[in-house]
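Asker: model the structure of this input:
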Amino acid sequence: MTGRPAFSHVLLLLGTVLCAAAPAAGIAAETAKSPQELMAERGLVRYRGAWRTVQEIELIEAGERGDAARREWKEKLERLRKAIGQPATADRAIEEVREIADPAAVAALGEALAGERDQRVRTLYVEALSHIRSADAVVVLVTVSVDHPDAVTRADTCDRLVKIGPRLAGPPLVAALSGGDNARVNRAAEALGRLGVVEAVGPLIDALQTEHVAVVSEGGGPGSTSVTFTPNGGGGLSAGGGPKRVKGVLRNDAVLAALVTLTGANFEWDEAAWKAWRASREAPPADYDPRRGLP
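Answerer: This next block holds a predicted model:
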């Protein structure tokens, strides 16, 4: 019959129409959602005028809490420092500083230590930093141990680093060996030797002798000169009759002493011998078989 479509043909036509209408219905439903609903579906939250993830919000708020805590510690340390200067409140204030254990206090302690004129108060700040033992606190202590102009403060800080141990104090001290100031290099080496940081042997060998720039100027008498070494001062000689700059190599006694302490060997200033010795300690035995392991 040709006048009426078969029932199966009607069902097929109806299915096609419905399938074609479904995407359009979905688009219409999506379009009907508000921007807030769409952003929420993507895991975003409206926060301070912008759409952010929950993780971003947590990081922002944690940073603000940290900044606020650091400001509070700066103000608190200023109050405690004033109290230390008063006989009636000094003992209690000293105990409060010694009891500091909050990592948020590290920046304030470091700043206070750098500007403190009283050596005894500096020692108190160093003690507080050594109790915190965060990575930031150890970096401050290492900086003080190699850079502070007062020898007593440097020595006291080094004593604290020895108590902290090589695991935390070793890496920043090794990093200090790469500086251009040979006095700083030697102080870092001395601390590494005291801490027993055997991992520092390679960097110490590299720092055994360091290159610096000497400023050479004519002295008072004929042919006399005065020499001042400056780190990272560039190279070459200056023209004319004024002060001249010339590269020179300095032997770092504290570096050699640290190598002797850490290795039990002494090749003095022979860097090639030191490197050969180290390579022999790192190489496997001659009869080593990787299939069986060490004999």
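Asker: how many neighbours does residue 139 have?
Answerer: 18 (other Cβ atoms under 10 Å). C-beta here means a position set from N, CA and C on the backbone, and glycine is covered the same way.
Asker: confidence score at it?
Answerer: Residue 139 is assigned 95 on the pLDDT scale.
Asker: check residue 131 too.
Answerer: 93.
Asker: what do you get for residue 120?
Answerer: 94.
Asker: buried residues, whichever strand or helix holds residue 277. List them.
Answerer: Assigned by DSSP states H and E, residue 277 falls within helix 271-282. The neighbour-count check on helix 271-282 (16 or more other Cβ atoms under 10 Å) flags 274, 277-278 as buried.
Asker: so the residue nearest to the spatial centre of the chain, which state does it fall into?
Answerer: Residue closest to the mean C-alpha point of the chain, counted by Cα atoms, centre = their mean, is residue 139 at 6.5 Å. The three-state label given to residue 139 by DSSP: H, G, I helix; E, B strand; the rest coil is helix.
Asker: list the contacts for it?
Answerer: residue 172 (Cβ atoms under 8 Å, 6 or more residues apart in numbering).
Asker: next one: residue 73
Answerer: 102, 104-105, 107-109.
Asker: dump those into CSV; add secondary structure and distance to residue 32 as well.
Answerer: Shown next, in CSV, are these (DSSP: H, G, I helix; E, B strand; the rest coil; distance: Cβ to Cβ, whole Å):
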residue, secondary structure, distance to residue 32
102, coil, 52
104, helix, 49
105, helix, 54
107, helix, 52
108, helix, 55
109, helix, 58
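Asker: of the buried residues of helix 271-282, just say which sits nearest to residue 172.
Answerer: residue 278 (22.2 Å; Cβ to Cβ).
Asker: would you mind measuring from the residue nearest to the centre of the chain to residue 116?
Answerer: Distance, residue 139 to residue 116, by Cβ to Cβ, to the nearest Å: 18 Å.
Asker: how about residue 79?
Answerer: Taking Cβ to Cβ, one finds residue 79 at 15 Å from residue 116.
Asker: who has more neighbours, these two?
Answerer: Each of residue 79 and residue 116 has its neighbours counted (other Cβ under 10 Å); residue 116 has more, 17 against 12.
Asker: quick one: pLDDT of the more buried one?
Answerer: 96.
Asker: hmm, residue 125 and it touching each other?
Answerer: Yes - if you go by Cβ atoms under 8 Å, residue 116 and residue 125 touch, sitting 6.7 Å apart.
Asker: assign residue 187 to helix, strand or coil.
Answerer: Quick answer, by three-state DSSP: residue 187 is helix.
Asker: now it: how far from residue 205?
Answerer: Counting by Cβ to Cβ, the gap from residue 187 to residue 205 is 18 Å.
Asker: which SSE is residue 190 in?
Answerer: helix 182-195.
Asker: which strands and helices lie in contact with that helix?
Answerer: Contacts defined by 3 or more Cβ pairs under 8 Å, 6 or more residues apart in numbering; DSSP states H and E place helix 182-195 against helix 135-147, helix 151-164, helix 166-176, strand 209-218, helix 253-263.
Asker: can you rerun that using 6 Å?
Answerer: Here helix 182-195 touches helix 135-147, helix 151-164, helix 166-176, helix 253-263, going by 3 or more Cβ pairs under 6 Å, 6 or more residues apart in numbering; DSSP states H and E.
Asker: now tell me which helix or strand of the chain has the poorest mean pLDDT.
Answerer: When the helices and strands of the chain are scored by mean pLDDT, DSSP states H and E, strand 225-230 comes last with a mean of 42.
Asker: beyond it, next helix or strand please.
Answerer: Immediately after strand 225-230, counting by DSSP H and E, sits strand 244-251.
Asker: re the thing from before, show me which of the contacts of residue 73 is closest to residue 211.
Answerer: Nearest member of these to residue 211, counting by Cβ to Cβ, is residue 107, at 34.8 Å.
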